[in-house]
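1. Sharing a model that was predicted from the sequence below.
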Amino acid sequence: MRKLVLLSRKGGTGKTTLSVNLAVAAMAEGYSVSVADLDLQGSAGSWAQARGGAAPDVRPANGGTLFPLANDAERAGRDLLIMDTPAGGDAISSAAIRLADLAVLVSRPSYFDLAALVPAAQAVREAGRPAMVVLNQAPSRRAGVESPIIARAVEAARVLGFPIATVGLRARVAFQESLWRGQGVLEFEPRGAAAAEIARLWSDVADTLWPERIEHRGAAE
Ligand SMILES: Nc1ncnc2c1ncn2[C@@H]1O[C@H](COP(=O)(O)OP(=O)(O)OP(=O)(O)O)[C@@H](O)[C@H]1O
Ligand SMILES: [Mg+2]
């Protein structure tokens with residue numbers, strides 16, 4: 001079983017939105033998924049409750065229960081454990097970082113968000129874990145022109161010393177509407193732009209967690 005942690009010290013960057021959307025993307029490819037909801041707000045849990053049909057196994061957890069939960073998930077034959085962390089919760093996050101095979105550092109493309117990501121990146125580096133940075137809630141192009149804050153954010157994100165995901169996610173209504181139904185954007189609007197972004201992000205994440213996917217693709221080409 002591979003373990004993925006979504007991190008940011010700031011609230012509202014999109015950790016839970018990406019956790020549930022990556023869970024849906026993984027399930028669509030046949031992976032069996034558990035989600036450890038480390039946030040007392042229980043957002044991932046309420047998303048799963050709103051969901052009809054097959055759902056990832058979402059369990060509330062804290063720093064103390066995370067290890068047994070991960071063991072249970074492994075024994076239950078899960079392929080992937082996604083750990084959704086709370087904003088700020090440094091002790092909880094460090095327990096999750098220690099377990100993780102990959103950390104996804106989530107940030108809006110804003111100065112405050114990126115600055116707040118520095119300690120999270122540092123904690124991941126100290127734990128010797130691989131990570132990638134994902135910019136979320138980026139503004140859309142206006143008349144075909146990219147907002148200058150995106151280039152600035154990418155430049156700032158490079159300073160964190162981890163690769164930046166090959167896709168940035170825009171602020172899109174589909175990311176919000178889908179949550180009301182307990183869906184991921186891949187289910188809500190399979191041909192939409194949000195779905196395309198999540199598919200690319202999942203591919204980046206999955207190729208990092210299971211490098212053999214890349215080899216298999218290479219052999220098939
Ligand atoms: N790409 C996006 N486009 C539009 N809305 C988004 C996007 N990503 C997240 N949101 C919205 O932003 C809000 C915060 O997202 P979310 O709850 O996933 O963040 P979080 O990092 O988990 O927050 P917290 O730190 O409180 O746990 C939610 O209302 C969510 O629907
Ligand atoms: Mg959250």
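-> Cool, got the structure. Given the structure is predicted, the values throughout are model-derived calculations rather than measurements. Ligands and ions are numbered 1, 2, ... in the order given.
2. For Gly182, give me phi and psi.
-> phi 70, psi 30 (degrees, to the nearest 10).
3. List the contacts of it.
-> Listed by C-beta atoms under 8 Å, 6 or more residues apart in numbering, the contact partners of Gly182 are Trp47, Ala48, Gln49, Ala50, Arg51, Gly52, Ala55. In short, each C-beta sits where N, CA and C put it, glycine included.
4. ok, now how distant is the third one from Ala55?
-> Right, Gln49. To Ala55, Gln49 is 9 Å away according to C-beta to C-beta, to the nearest Å.
5. what's the answer for Arg200, then?
-> 24 Å.
6. Kindly report the same for Pro130.
-> 28 Å.
7. repeat for Pro109
-> Distance, Pro109 to Ala55, using C-beta to C-beta: 31 Å.
8. Neighbour count: those two, which is higher?
-> Comparing Pro109 with Ala55 by neighbour count (other C-beta atoms under 10 Å), the higher total belongs to Pro109, at 22 against 18.
9. Now for that one: which residues touch it?
-> Leu135, Gln137, Ala138, Pro139, Ile149, Ile150, Arg152, Ala153, Val154, Gly168.
10. cutoff 7 Å now
-> Residues near Pro109 by C-beta atoms under 7 Å, 6 or more residues apart in numbering: Leu135, Ala138, Ile149, Ile150, Ala153.
11. Isn't the first one up against Val167?
-> No. In this structure Leu135 lies outside contact range of Val167 using C-beta atoms under 7 Å: 9.1 Å.
12. In terms of packing, which of these two has more residues around it?
-> Using other C-beta under 10 Å as the criterion, Leu135 and Val167 rank with Leu135 on top: 27 against 17.
13. count of residues packed around the closest residue to that one other than its chain neighbours?
-> Closest residue to Leu135 apart from its sequence neighbours, by C-beta to C-beta, 6 or more residues apart in numbering: Gly168 at 4.3 Å. Neighbour count for Gly168, taken as other C-beta under 10 Å: 20.
14. With that, I have no additional questions.
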